[in-house]
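Participant: this is the structure alone, sequence omitted:
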DNA sequence: CCACGGATGTGGACACCGGCAACATGGACA
DNA sequence: TGTCCATGTTGCCGGTGTCCACATCCGTGG
């Protein structure tokens, strides 16, 4: 029923140096996910095509069905990868900042996270939309995932004293909604054809207003 | 090249009382759009299927190609319908409010518009997502469309004195992004399984913060 | 060391879809 | 009345997701 390969996910360990095409592939699942992620990157969820992925991976169609229940299952995995990459980028950006807990840097961290969220969406539109296009039960360990990164930053703002504790509930939803909506509007909404400079300016304005409204 | 039927769009005048199945259908284009909108309502853009639409409309596949260049063309029409319905609902909600231009009602109008935006998305998830899922060059008469409704409300707030003129630029993008993002997050993001009460509470919080941040 | 069985990959088939092309029809207009 | 063009139809093609039966490989028990 479920195809969760017993904890041997380890994506990205392809092309073993021996180059031995030991069919009985060895890591077909990971290879297929990589290919599917590439498809998603270049064309969004609709571009994730089982037969083509198998072809590109050098394997016959149907081979995928030994590792995924169906196309949606593969798509869910792509979604997870996309979400993970988003989270990674946000954490990386955060790591670039000094992380003392005086007031100013605390809200700077919030802006940095929001900015990176939008920049990821614009840099990887296909992967970003695929990450959200696919309904999944959500794992939901608190503090984990992209949502968790944002929550942590807001919590830090409370402890730093820049955000009153009574304002904390709901702040995450507002921030998340703001940047996510902006990203979507830039990707496929009325802000699609905005020149990059204007877009950055609008983004800064958005982040400022969001922070002011907290 | 373009299939813009010469200004005889007039959707929704089906079932002529005579019931005469005068094949050479008379209004196939409109009928197909109606069917496609139904498909979108019940399953989003992916559920808009040319052959099935033709079947349901009681016509052979390929008949559609006399009225639409391809599937994307039909989808674009569905998108327009969805956008129009969104705009209509927002205007209706606005019409319910007293429209003197004293301060308080002016911002109440902003909240009402935002609320209705989200409520439409939740009530018609398929149509809402289809409305945005389809890249179109955008007509863009200012003051028209759902975006125009929001802009007008914000302009009114400036004339009413509740919003400083220097804060006006960019305010539309922030508001739009906030409600759109919230809607998307509720439809397919981490807020998907939020009980309705909590969702309404979060929405009110969002609207309040957005207004405060302007 | 070998046979066997389960995991993995293959080839074929089916139904469905979007999109051409060639044909049929019927209403409008000369 | 006769012709023409818009509209609708049948047939076909390539592509896709998914099921089924078969082939193959590898590890494990005898």
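Facilitator: Looks like it arrived, so ask away. Not measured: the values here are computed from a predicted model.
Participant: for residue A:125, which non-adjacent residue is spatially closest?
Facilitator: Once flanking residues are discounted, residue A:125 sits nearest to residue A:187: 5.1 Å by CB to CB, 6 or more residues apart in numbering or on different chains. The C-beta positions use only the backbone N, C-alpha and C, and glycine is treated the same way.
Participant: what sits against the one you found?
Facilitator: Counting by CB atoms under 8 Å, 6 or more residues apart in numbering or on different chains, residue A:187 touches A:121, A:122, A:125, A:128, A:129.
Participant: could you do residue A:174 as well?
Facilitator: Contacts for residue A:174 (CB under 8 Å, 6+ apart) come out as A:210, A:213, A:214, B:178, B:205, B:206, B:209, B:210.
Participant: check which helix or strand residue A:129 maps to.
Facilitator: Using DSSP states H and E, residue A:129 sits in helix A:125-133.
Participant: anything in that helix near DNA strand D?
Facilitator: No: Helix A:125-133 does not reach DNA strand D (CB under 7 Å from any atom of the strand); its nearest approach is 13.4 Å.
Participant: which residues does that helix contact?
Facilitator: Helix A:125-133 is contacted by residues A:37, A:40-45, A:47-48, A:75, A:78-79, A:81-83, A:85-86, A:120-121, A:183, A:187, B:184, B:188-189 when judged by CB under 8 Å, 6+ apart.
Participant: circling back to that earlier point, which of the contacts of residue A:187 ranks first by neighbour count?
Facilitator: Of all the contacts of residue A:187, the highest neighbour tally under other CB atoms under 10 Å in any protein chain shown goes to residue A:128, namely 26 neighbours.
Participant: now, of the contacts of helix A:125-133, which are buried?
Facilitator: A:37, A:40-41, A:44-45, A:47-48, A:75, A:78-79, A:81-83, A:85-86, A:120-121, A:183, A:187, B:184, B:188-189 (16 or more other CB atoms under 10 Å in any protein chain shown).
Participant: out of these, which touch DNA strand C?
Facilitator: Near DNA strand C, by the rule CB under 7 Å from any atom of the strand, you find none of the buried ones among the contacts of helix A:125-133.
Participant: which ones among the residues you listed are found in strands?
Facilitator: Among the buried ones among the contacts of helix A:125-133, no residue falls in strands (DSSP state E).
Participant: list the ones among these that fall in helices.
Facilitator: A:37, A:40-41, A:75, A:78-79, A:81-83, A:85-86, A:120-121, A:183, A:187, B:184, B:188 (DSSP state H).
Participant: quick one: stretch A:83-103 near chain B?
Facilitator: No: residues of stretch A:83-103 are not located near chain B by CB under 8 Å from any CB of the partner chain, the shortest gap being 10.3 Å.
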